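Asker: Sharing a sequence plus its predicted fold:
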6 protein chains.
Amino acid sequence: MHVYFAPQTILYDGTQLSSLWAYRSFGLLGDSIVAFRGPCRVQFEHMVDLEDVRAQSPIYGDDMLHFIVEHFDHDLERAVLRQRLLAAIIREILEQKGYGLQRSGDDLYYQDRKLSISIATTTPVSTMIHTALNITAKNTPVPAAGLVELGWSVAQIPKLAGEIGRAYADEMQSVQRSRCKVRGVG
Amino acid sequence: MHVYFAPQTILYDGTQLSSLWAYRSFGLLGDSIVAFRGPCRVQFEHMVDLEDVRAQSPIYGDDMLHFIVEHFDHDLERAVLRQRLLAAIIREILEQKGYGLQRSGDDLYYQDRKLSISIATTTPVSTMIHTALNITAKNTPVPAAGLVELGWSVAQIPKLAGEIGRAYADEMQSVQRSRCKVRGVG
Amino acid sequence: MHVYFAPQTILYDGTQLSSLWAYRSFGLLGDSIVAFRGPCRVQFEHMVDLEDVRAQSPIYGDDMLHFIVEHFDHDLERAVLRQRLLAAIIREILEQKGYGLQRSGDDLYYQDRKLSISIATTTPVSTMIHTALNITAKNTPVPAAGLVELGWSVAQIPKLAGEIGRAYADEMQSVQRSRCKVRGVG
Amino acid sequence: MHVYFAPQTILYDGTQLSSLWAYRSFGLLGDSIVAFRGPCRVQFEHMVDLEDVRAQSPIYGDDMLHFIVEHFDHDLERAVLRQRLLAAIIREILEQKGYGLQRSGDDLYYQDRKLSISIATTTPVSTMIHTALNITAKNTPVPAAGLVELGWSVAQIPKLAGEIGRAYADEMQSVQRSRCKVRGVG
Amino acid sequence: MHVYFAPQTILYDGTQLSSLWAYRSFGLLGDSIVAFRGPCRVQFEHMVDLEDVRAQSPIYGDDMLHFIVEHFDHDLERAVLRQRLLAAIIREILEQKGYGLQRSGDDLYYQDRKLSISIATTTPVSTMIHTALNITAKNTPVPAAGLVELGWSVAQIPKLAGEIGRAYADEMQSVQRSRCKVRGVG
Amino acid sequence: MHVYFAPQTILYDGTQLSSLWAYRSFGLLGDSIVAFRGPCRVQFEHMVDLEDVRAQSPIYGDDMLHFIVEHFDHDLERAVLRQRLLAAIIREILEQKGYGLQRSGDDLYYQDRKLSISIATTTPVSTMIHTALNITAKNTPVPAAGLVELGWSVAQIPKLAGEIGRAYADEMQSVQRSRCKVRGVG
């Protein structure tokens, strides 16, 4: 699958979570994980998580590292499982700096402050994940932690994005290998 | 899903990895994660991982904590994704004792020594996972680490098994919740 | 799955047949069967059954008992099978009053007069069923029968709705049990 | 789908519940419902319902009307839904003689005595249902009712079998029609 | 499946590629292949192939033989496989006149000039294919060949359409037969 | 996907049609098309096509070019569609020598004599295809044609095998590209 860091700043407003965004934007055909940096402002009409809509929980942040993942199958449960695995991978990578994080489902926390937002959903032709990490914790709707506080400088963000993207792609390739080397049982 | 620790010692010989084992053995109907303690001796004819068969890598251990997971759907890729998530969950729980572990796909390592074995496969009516952790590293085919070395006494094994089982069941329930609260996108 | 009777009168205009309606309206997360009482007026642009659209058959009724069912899988054939089973369950319950009914697919008749309307369809994240029973046969587009005529007073409607909802939910649970207790064959 | 009554007496011993039985036995290619008359003796090793195996409940009867259904898809939940619908159809047809029956999932009862046995399972290439009705209640493991008691003479069995088979095939065709006439919703 | 040639001229503008078009237009319920003759003008907002949108490749032609195929399953990969098979079938039929054609995926060429356009996609309830053959090569965006040049007179178009439609329907029926006559292997 | 020509002569006796044969034999992990040359002798107990078993049609040939294809998904209809596409691809390649062939489903004929045998089936973890072409028409159960007669020398067989294998792999890759570049429609 494609691993790509878009160098430009992009405002995440929810419209990026639509099928073939990576192909339309960057010509990436097939499964992909695309990262970029930018603020986050999602209007209620673009929210996909109806729990947030019901709770009228706004989604925003001034400076985040975003990941948009697309897989060309049509199984929402697989998508949620991959979303959780992506959260676990991010935790494993971030902890290399020595800060302990908590994962609860698709959410990551540092000292009970929220580091990430995430959603997985389906399109007519694929499934998609949006996961974003606060770079700074400024201007967030809930008590938050940011990557800077966890020891990552702003200059390191592209490198971190690449590391996470490659680890996710490696995990997916390894899932395929595991799927293809077993016989069935009775 | 059912979470169960079988109190008796059971030799894992590969025959436990067959459909409805939890129902036939313990009356547990439906999705389940069952843990037990026991040695591990898998003959080549019962091996499911053909990479091991090809490499003629024997699978054994004197004292392991085993998990047998069964889900009543029929998607091997989901099963492998769940297997990876189970490995991530075990890592998260074991690290509470302060020892750093490495996860590589479905394998867990401590200081480059192997802590776990794992396989995911399909049955005619379900998918299944076997994951086992060395309790001691004695008599294993490769350099190994064990739970005792990581600070878990033998007396704590049932409690650890329960904690892992419940965390996995909670994760699966949370996956279902996430699957049921999103709308599709374009 | 959730079984719920909404106490307020709701006009069924077709917009209720959209994903997560039970969650958005009543906070019910996951599979559900929701009943309510109200008139029925479906404009052609909200009709889902293109046979009715082609035939320009209007869908309306002054007073009906409605059921909205949602299952979070993605198999329209399963949805139609469940719709038929719901019709069979309703027939079994209504006949307890001693009136013989005919079921023809998803339709119920009393003495060749139509008692019910029903449709099953798919959303991006789930499948849904709408089934409604005439409470009175007044102001319907075809010769119709109503629950009052079959011995159910208006005051009994909530109790009847609950009985049907629970029977359907029990049937679905029993389907899951049956799915999880068999081995495959050759 | 094919509807066929095999005129010869056949002992049902469980081996009929295997893929392509109708094709191998009668040249019927594709989905089918085949009926025949015969005794029923299923050894534990051929039992598919592990609930019966666990309870050591024997399955036998001296004279039964059997139905073997095969659908060439691979969805066990659909198969169980169809099995329930077949039970509902049989009930609807048998009640034409004026005897009230109870359906509980896949089981039919007359005055708390069991009229039927049934199982649905999967093969590597299809799903299958076996449903059988006691013709007489002699020599059954539990209190039972039989078709003769419900007003069907032995001479009428082939006609009854045909009526049930055709009603099931009509229902399946109607399910296909319903699946193909709806648009999706949001 | 239904095979139908619509006698009227129809402008293909992309709106025909939507679910139940054959049912809404001609009352054909279920799987179908419908052919018609007409010009082709697809605005970018109706284009389904995002490769064309990205390349800003217009899609038009003055006189084409169109095929609209709909199958009521929900597997886009199957749809693309069927699209390729349709291209292979068209090639086999056209070559009866003695002109050699090249097939490259879903495209047909005569002497490096493009004879066809094609796309396969998914709807909420089905999958669909549009394949069209130039009747004349006039006014096409790329160097093109047409059926007239390959020895088919305009008067023969309905007959050719019927031949292709029937061959495709026969192939699909034969696929079903092949799917229903094999046992599984280990 | 892997494309491989095994240089050794292998007797095809039906046991090659089992899951992970390419991995167990040649270490090829994942989707593959493997070709080899050898005689063909399939005992009735290893036959997968029950039409042949019913007709007691023996399957044998003295010298054939075999292809074993494995795809790690679980959809028998896709497998049959791919089998047909492989037949169409072989026809397209063989006709480059100027001999006209007929394709009828999965069978290829030259002047009404059979050139090929083929079957597609399912394993617990994958789907598989066996297609074989007579190299010579000697000792075949029905009137047959062989590759030698169609202008291919025995020395050219490995090159031909490679050409067919690569064309099939290219087609599958192209199918994936087509699957990943379209948006859904209404």
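Answerer: Here it is on my side, so go on.
Asker: elements contacting the helix or strand of chain A with the lowest mean pLDDT?
Answerer: Ranking every helix and strand in chain A by mean pLDDT, DSSP states H and E puts helix A:50-55 at the bottom, with a mean of 91. Helix A:50-55 sits against helix C:21-26, with contacts defined as 3 or more CB pairs under 8 Å, 6 or more residues apart in numbering or on different chains; DSSP states H and E. The C-beta positions use only the backbone N, C-alpha and C, and glycine is treated the same way.
Asker: Mind listing what's buried along the helix or strand just after the helix it packs on?
Answerer: Per DSSP states H and E, the first helix or strand lying C-terminal to helix C:21-26 is strand C:32-42. Going by neighbour count (16 or more other CB atoms under 10 Å in any protein chain shown), the buried part of strand C:32-42 is C:Ser32, C:Ile33, C:Val34, C:Ala35, C:Phe36, C:Arg37, C:Gly38, C:Pro39, C:Cys40, C:Val42.
Asker: For the fourth one, give me its contacts.
Answerer: Counting by CB atoms under 8 Å, 6 or more residues apart in numbering or on different chains, C:Ala35 makes contact with C:Tyr4, C:Phe5, C:Ala6, C:Leu65, C:His66, C:Phe67, C:Ile68, C:Ala161, C:Gly162, C:Ile164, C:Gly165.
Asker: May I see those organised as TSV, with pLDDT and secondary structure added?
Answerer: Shown next, in TSV, are those (pLDDT from 0 to 100; DSSP: H, G, I helix; E, B strand; the rest coil):
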residue	pLDDT	secondary structure
C:Tyr4	98	strand
C:Phe5	98	strand
C:Ala6	98	strand
C:Leu65	98	strand
C:His66	98	strand
C:Phe67	98	strand
C:Ile68	98	strand
C:Ala161	98	helix
C:Gly162	98	helix
C:Ile164	98	helix
C:Gly165	98	helix
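Asker: Turn those residues into TSV, columns for neighbour count.
Answerer: Putting those into TSV (neighbours: other CB atoms under 10 Å in any protein chain shown) gives the following:
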residue	neighbour count
C:Tyr4	19
C:Phe5	19
C:Ala6	18
C:Leu65	24
C:His66	23
C:Phe67	23
C:Ile68	24
C:Ala161	23
C:Gly162	14
C:Ile164	24
C:Gly165	23
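Asker: just these now: which is nearest chain E?
Answerer: C:Ile68 (18.3 Å; CB to the nearest CB).
Asker: ok, what's across the strand from the closest residue in space to A:Val142 that isn't next to it in sequence?
Answerer: Residue nearest to A:Val142 in three dimensions, not counting chain neighbours: A:Lys114, with 5.4 Å by CB to CB, 6 or more residues apart in numbering or on different chains. Using DSSP bridges, the bridge partners assigned to A:Lys114 are A:Tyr109, A:Ala144.
Asker: And for A:Lys114, the neighbour number?
Answerer: Neighbourhood size, A:Lys114 [other CB atoms under 10 Å in any protein chain shown]: 18.
Asker: could you measure it against A:Gly165, distance?
Answerer: Distance, A:Lys114 to A:Gly165, by CB to CB, to the nearest Å: 22 Å.
Asker: same thing with A:Leu101?
Answerer: 19 Å.
Asker: centroid residue for chain A?
Answerer: A:Thr131 (2.3 Å; CA atoms, centre = their mean).
Asker: which secondary structure element contains it?
Answerer: Per DSSP H and E: A:Thr131 is located in strand A:127-134.
Asker: what comes up buried for the least confident helix or strand of chain A?
Answerer: Going by 16+ other CB under 10 Å, helix A:50-55 has these buried residues: A:Leu50, A:Glu51, A:Asp52, A:Val53.
Asker: May I see those organised as TSV, with distance to D:Cys180 added?
Answerer: Converted to TSV, these look like this (distance: CB to CB, whole Å):
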residue	distance to D:Cys180
A:Leu50	30
A:Glu51	35
A:Asp52	37
A:Val53	34
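Asker: out of those, which one sits closest to B:Gln83?
Answerer: A:Glu51 (27.8 Å; CB to CB).
Asker: Not counting sequence-adjacent ones, nearest residue to the closest one?
Answerer: A:Glu51 sits nearest to B:Lys181 (CB to CB, 6+ apart), 4.9 Å away.
Asker: Same check on A:Thr9?
Answerer: A:Gly38 (4.7 Å).
Asker: can you pull up the bridge partners for that neighbour?
Answerer: Those that pair with A:Gly38 in a beta bridge, by DSSP bridges, are A:Met64.
Asker: Let's see the pLDDT reported for it.
Answerer: Predicted confidence (pLDDT) for A:Gly38: 97.
Asker: residues contacting it?
Answerer: Here A:Gly38 is in contact with A:Thr9, A:Ile10, A:Leu11, A:Tyr12, A:Asp63, A:Met64, A:His66 (CB under 8 Å, 6+ apart).
Asker: wouldn't A:Thr131 be in contact with A:Ser118 here?
Answerer: Yes: applying CB atoms under 8 Å as the test, A:Thr131 and A:Ser118 come out as touching, 4.2 Å apart.
Asker: which residues do the two both contact?
Answerer: A:Gln83, A:Leu86, A:Ala87, A:Asp106.
Asker: interface residues of chain A facing chain E?
Answerer: Neighbours of chain E within chain A, by CB under 8 Å from any CB of the partner chain: A:Leu20, A:Tyr23, A:Arg24, A:Gly27, A:His74, A:Pro124, A:Val125, A:Arg183.
Asker: can we see that at 10 Å?
Answerer: Selection of chain A residues close to chain E by CB under 10 Å from any CB of the partner chain yields A:19-20, A:23-24, A:27, A:29, A:72-74, A:124-126, A:183-184.
Asker: can you list the weak-confidence ranges in chain A?
Answerer: The model of chain A has no residue with pLDDT under 70.
Asker: What residues does it have near chain D?
Answerer: Selection of chain A residues close to chain D by CB under 10 Å from any CB yields A:Pro124, A:Gly184.
Asker: A:Leu115 touches A:Gly100, doesn't it?
Answerer: No: the pair A:Leu115 / A:Gly100 is not scored as a contact, 11.9 Å apart, by CB atoms under 10 Å.
Asker: overlap in contacts of these two?
Answerer: Both A:Leu115 and A:Gly100 are contacted by A:Arg91, A:Leu94, under the criterion CB atoms under 10 Å, 6 or more residues apart in numbering or on different chains.
Asker: Comparing the two, which shows the higher neighbour count?
Answerer: Neighbours per residue, other CB under 10 Å: of A:Leu115 and A:Gly100, the larger number sits with A:Leu115, 26 against 12.
Asker: Grab the nearest non-local neighbour of that one.
Answerer: Here the residue nearest A:Leu115, using CB to CB, 6+ apart, is A:Leu108, at 4.4 Å.
Asker: thinking again about what came up before, buried only: go through the contacts of A:Gly38 for me.
Answerer: A:Tyr12, A:Asp63, A:Met64, A:His66.
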